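*Asks:* please work out how this folds:
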Amino acid sequence: MIVRTWRAYAATAENADAYVRHLEGSVFPRLRGIAGHHSAHLLRRAADDRVELLVLTWWESMQAVRAFAGEAPENAVVEPEARAVLAEFDPTVRHYEVVLGPAR
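*Replies:* The predicted structure is shown next:
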């Protein structure tokens, strides 16, 4: 199991809400259609005068990640709708192998 992590910041709570709507209405439904995708989560917290957003997606393998991200899976996939409401975002992602977790 692979967890893909990506971080971004919104300048306002309203922009963070717009990003949530984008993920919920567009990105997460599309992920569910990719073989090997298990789940997706969005974490949010106030960070000084901005809102930090952390996206975690769970995948069966790096092959499944590539079905979403392409042949350079370390590059972030940031659609124009997301770019429009985010003040800053990481251009790359991190992938972690799940070593321990709940029994499956």
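
*Asks:* any low-confidence regions in the chain?
*Replies:* 103-104 (pLDDT under 70).

*Asks:* run through the helices of it in chain order.
*Replies:* 13-22, 28-32, 62-69, 80-83 (DSSP state H).

*Asks:* just put the ones you listed in TSV and tack on mean neighbour count and distance to S39.
*Replies:* The C-beta positions use only the backbone N, C-alpha and C, and glycine is treated the same way. TSV is the format used below for the helices of the chain (neighbours: other CB atoms under 10 Å; distance: least, CB to CB, whole Å):
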stretch	mean neighbour count	distance to S39
helix 13-22	16	16
helix 28-32	13	9
helix 62-69	17	12
helix 80-83	13	19
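
*Asks:* which residues of this protein fall in strands?
*Replies:* 2-10, 37-47, 50-59, 88-89, 94-97 (DSSP state E).

*Asks:* identify whichever of these lies nearest to P80.
*Replies:* strand 88-89 (12.6 Å; CB to CB).

*Asks:* that closest one: partners in the sheet, and parallel or antiparallel?
*Replies:* strand 2-10 (antiparallel) (DSSP bridges).

*Asks:* now the angle between helix 62-69 and the strand it pairs with, please.
*Replies:* 30 degrees (axes from the mean of the first three to the mean of the last three CA atoms, to 10 degrees).
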